[in-house]
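Got a predicted structure plus its sequence, pasted below:
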Amino acid sequence: MTDPTLCWINGRLLPGNAATVPVTDHGLLYGDGVFEGIRFYRRRAFRLAAHLQRLADSCAAIRLTLPCPRERLTRAVEEVIAAFAEDDGYLRLIVTRGSGPMGLNPEDCTRPNVILIATRLQLVSERKRREGVRVIIAATRRLPADGLDPRIKSLNYLNPILARMEAHQAGADEAVMLNRAGRIAEGTADNVFVVRQGELATPPPVEGALAGITRELIMGLARDAGISVAEIPLAPYDLYTAGECFLTGTGAELIPVAEVDGRPMGDCPGPVFLELRRRFHALVQEECGDSQ
Ligand code: PMP
């Protein structure tokens, strides 16, 4: 299959392999920048306003001024989706600090680079989506929330990358990361939910979780379905004793967890997961369905 990857850099559309940024960009040198991962279904970006809001918040938190208004980003997203070879895909929206002299100081960085990458996404096989993934609890701890606020979606993912390497080393698909207090923070690129006695629970961002857009909408869908939802601290105990566990994220959508540290989950896929996944797909259909 040919690679359909397409890029948009500061207003220019290019094939994926022709797009470059200078090696002096502080995004490369220091991970100084922020990003969003966005899905599009049937050529419509899903929950774009929420992603652009989170991007604006991430920018504000690191004092990075977007070089263009939000409406320009919306148009750029539409432009890239229209030019992409397929109806469904994944968009990576990146804002780097831009090029500047060596040294951490961002003040002399000339201009942020705004980049959009549209690509195909297949993170997890259909079989695993159906039957569930194997998860370990990683030894690598999530960075403390008082060191780097987990709500900032920064370009530096070394911490979750190390945890993901542990998972693969152990023959698992994904790692759950603990915070310094030993409580559940999140997955390496997804949020964690458990179901206990029919109630849904997920850790709050202060525990070290990204304020996931899928997380937020799943909590809303659960409330609509009359399922009680709690944002509460969770311990490994809560994963080991859960009736159900699943992961959420833009890339992941919803993925059931079949086992944690070799212990089979109570139910996988469980009834709460199946109901929420059904509602999630109905929402995608409603917001991005055929009626153009
Ligand atoms: N946590 C981390 C660390 C992530 O990278 C992601 C993916 N963006 C998520 C959670 C899930 O967030 P969202 O639902 O907004 O994609």
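Cool, the structure landed. Numbers count the residues shown, from 1 in each chain.

what's the neighbour count on A225?
Residues near A225, counting by other CB atoms under 10 Å, number 14. To be clear about C-beta, it is placed using only N, CA and C from the backbone, and glycine gets the same treatment.

my bad, P4
14.

Which residue is the nearest non-sequential neighbour of G208?
Nearest in space to G208, with sequence neighbours left out and distances taken as CB to CB, 6 or more residues apart in numbering, is A185 at 3.2 Å.

secondary structure element for the one you found?
Element membership for A185 (DSSP states H and E) is strand 184-187.

mind listing what the following helix or strand past that strand pairs with, with the direction of each?
Note on strand 184-187: by DSSP H and E, the next helix or strand toward the C-terminus is strand 191-196. The strands beside strand 191-196 in its sheet (DSSP bridges) come out as strand 199-202 (antiparallel), strand 244-249 (antiparallel).

surely the residue nearest to G208 meets N191?
No. A185 lies out of contact with N191 (CB atoms under 8 Å); the separation is 9.5 Å.

For the stretch 1-150 of the chain, just list every one of the strands.
When assigned using DSSP state E, counting those that start in this stretch, the strands of the stretch 1-150 of the chain occupy the ranges 6-9, 12-15, 33-41, 44-45, 89-96, 114-119, 133-137.

that older thread, the strand holding A185: how far from the chain's middle?
How far strand 184-187 lies from its chain's middle: 13 Å, per CA atoms, centre = their mean, to the nearest Å.

domain assignment for the chain?
6-119, 126-288 (automatic domain parsing).

Next up, the contacts around the residue nearest to I136 when sequence neighbours are not counted.
Leaving out its chain neighbours, the residue that sits closest to I136 by CB to CB, 6+ apart is A172, at 4.5 Å. The neighbours of A172, taking CB atoms under 8 Å, 6 or more residues apart in numbering as the test, are V133, R134, V135, I136.

So which residues on the stretch 1-150 of the chain come close to the ligand?
G37 (CB under 6 Å from any ligand atom).

Who does the residue of the stretch 1-150 of the chain found nearest the ligand form a beta bridge with?
Nearest residue of the stretch 1-150 of the chain to the ligand: G37, at 4.8 Å (CB to the nearest ligand atom). With DSSP bridges applied, G37 shows beta-bridge pairing to R92.

and the longest helix for the protein?
helix 271-288 (DSSP state H).

is the ligand contacted by it?
No. Residues of helix 271-288 are not located near the ligand by CB under 6 Å from any ligand atom, the shortest gap being 11.2 Å.

contacting residues around that helix?
Outside helix 271-288, the residues touching it (CB under 8 Å, 6+ apart) are 40-42, 44, 46-47, 195, 198, 200, 217-218, 221-222, 224-225, 227, 243-244, 246, 253-254, 256, 269.

And the residues you listed, which of them are buried?
Neighbour counting with 16 or more other CB atoms under 10 Å marks 40-42, 44, 46-47, 195, 200, 217-218, 221-222, 227, 243-244, 246, 253-254, 256, 269 as buried within the contacts of helix 271-288.

what number of residues lie near whichever residue of the stretch 51-200 of the chain sits closest to the ligand?
With CB to the nearest ligand atom as the measure, A189 is the residue of the stretch 51-200 of the chain nearest to the ligand, at 4.0 Å. Using other CB under 10 Å, A189 has 19 neighbouring residues.

Make sure it is actually in contact with T214.
No. A189 is beyond contact range of T214, at 11.1 Å (criterion: CB under 8 Å).

before we move on, back to that, buried residues, the longest helix of the chain. List them.
V272, F273, L276, R277, R279, F280, L283, V284, C288.

Would you mind giving those residues as TSV with pLDDT and distance to D108 added?
What follows is those, written out as TSV (pLDDT from 0 to 100; distance: CB to CB, whole Å):
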residue	pLDDT	distance to D108
V272	98	52
F273	98	50
L276	98	48
R277	98	48
R279	98	49
F280	98	45
L283	97	45
V284	97	44
C288	96	42
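
which among those gets closest to the ligand?
Looking across the buried residues of helix 271-288 and measuring by CB to the nearest ligand atom, the closest to the ligand is F280, at 11.2 Å.

roughly how far apart are that closest one and A252?
11 Å (CB to CB, to the nearest Å).

T188 contacts P160, doesn't it?
Yes. Counting by CB under 8 Å, T188 does reach P160; the two are 3.7 Å apart.
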